[in-house]
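*Asks:* This is a predicted model, with the sequence first.
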Amino acid sequence: MTEFIGHDAAWRQFASALDSGKLHHGWILVGPRGLGKAGFARRAAAALVDPQGQYASMIERGSHPDILTIKRMPKEPAKDGEESDPSAELKRSISIDQIRRLQAALTTRPGLSNKRAIIIDAADDLERSGANALLKSLEEPPVGTYFLLVSHASDRLLPTIRSRCQMLRFEPLDHHDMATALRQAAPEMDGAEMDTYIRIGKGAPGQAIDFMGLDLGKLEDAMTSILQTGDRSNQIRSALAEQLSLKASQPRYEAFLRLVPAFIANCARELNVNDIVHATEVWTSANALANRAITLSLDKQSVVFQMGSLLASLQPNKAT
């Protein structure tokens, strides 16, 4: 499975603790988004509740009663009788109500196993009251209950949550492992296209796979045009802002937010030494804006326009 490529060391650490019979009840899986931490959590949960693989198909479908996953809910829940839309826009955070429902479920015994695994994906998304509620369960976990907290930015977690869990770190994949992961995900991809996705994936196969099918070439063309011309009429960035603010464009909008900082970093390599400081400041601003945009649900048109302006600010500073 692509989500485990390159994470052998992390698995050995977890498996060794499990085999020892002294497995800690709380684990924080730490690393950049898209490395496969959630997939690792599902594999670890399966090893906990179904070590013999009797219920593999049930686990694959996500219906095993002893593996509970908590994540952000869609802003607009599916209607009765309808399946949920995997591309639906999600709420800003994991609510305290979700944690309370989880805690109510923990008062019952596991259904098919003597263990139960709780996956929080991602723990960074917990609202403050929800994090405080979860802390109580981490302090006094029910017997046989294990927590797997996916975290893309562990510094955002409560220090008290971090102190009650083991930290398991995940590193970006190298070029070879990225190619292996993408080849499994999209065997029809040609070499040039794969090189593009390896570059923009930055060692995170999940991020690269998320970008597939989003026509990122056009986004990169627009960013290049803004950078080269300065977009003095605001025409390019205005058109981008209008396109990416549409509800149906949410995946491309999020991809754009990830692309811009990486694009700026690549462009910085072509600048004069005297311009590197300015480029670093622009990258810092773009990265901070990208992080705030989703977390705070900022106005999409304004965010895209600001990103375009940051790109345009590099134009006078390019090397000649």
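*Replies:* Everything's here; your move.

*Asks:* The residue lying closest to residue 106 once chain neighbours are set aside: neighbouring residues, count only.
*Replies:* Distance criterion C-beta to C-beta, 6 or more residues apart in numbering; nearest residue to residue 106, sequence neighbours excluded, is residue 142 at 5.2 Å. Bear in mind the C-beta positions are built from the backbone N, C-alpha and C, glycine included. Residues lying near residue 142 (other C-beta atoms under 10 Å) number 14.

*Asks:* now residue 142: how far from residue 50?
*Replies:* 19 Å (C-beta to C-beta, to the nearest Å).

*Asks:* The residue nearest to residue 106 reaches residue 104, doesn't it?
*Replies:* No. Using C-beta atoms under 8 Å, residue 142 is not in contact with residue 104, being 11.9 Å away.

*Asks:* what's next to the helix or strand of the chain with the lowest mean pLDDT, contact-wise?
*Replies:* Across the helices and strands of the chain, mean pLDDT, DSSP states H and E gives its lowest value to helix 191-201, namely a mean of 82. Residues from elsewhere that reach helix 191-201 (C-beta atoms under 8 Å, 6 or more residues apart in numbering): 34, 175, 178-179, 182-183, 189, 207-208, 211-212, 216, 258-259, 262.

*Asks:* Go again with 7 Å.
*Replies:* Identification of contacts with helix 191-201 by C-beta atoms under 7 Å, 6 or more residues apart in numbering yields 175, 178, 179, 182, 207, 208, 211, 212, 216, 259, 262.

*Asks:* Pretty sure the last one sits in a helix.
*Replies:* Yes. If the criterion is DSSP: H, G, I helix; E, B strand; the rest coil, then residue 262 is within a helix.

*Asks:* Distance check, it against residue 287.
*Replies:* Residue 262 is 9 Å from residue 287, by C-beta to C-beta.

*Asks:* What of the fourth one?
*Replies:* When C-beta to C-beta is the yardstick, residue 182 and residue 287 sit 24 Å from each other.

*Asks:* do the fifth one as well
*Replies:* Summarising the geometry, the distance separating residue 207 from residue 287, computed by C-beta to C-beta, is 15 Å.

*Asks:* When the two are compared, which one has more neighbours?
*Replies:* The neighbour count for residue 207 versus residue 287, taken as other C-beta under 10 Å, is higher for residue 207 (20 against 17).

*Asks:* Could you report the pLDDT at that one?
*Replies:* pLDDT, residue 207: 83.

*Asks:* cool, and residue 86?
*Replies:* Looking at residue 86, its pLDDT reads 67.

*Asks:* and the nearest residue to residue 126 once chain neighbours are set aside, how many neighbours does it have?
*Replies:* Nearest residue to residue 126, sequence neighbours excluded (C-beta to C-beta, 6+ apart): residue 94, at 4.9 Å. Using other C-beta under 10 Å, residue 94 is surrounded by 25 other residues.
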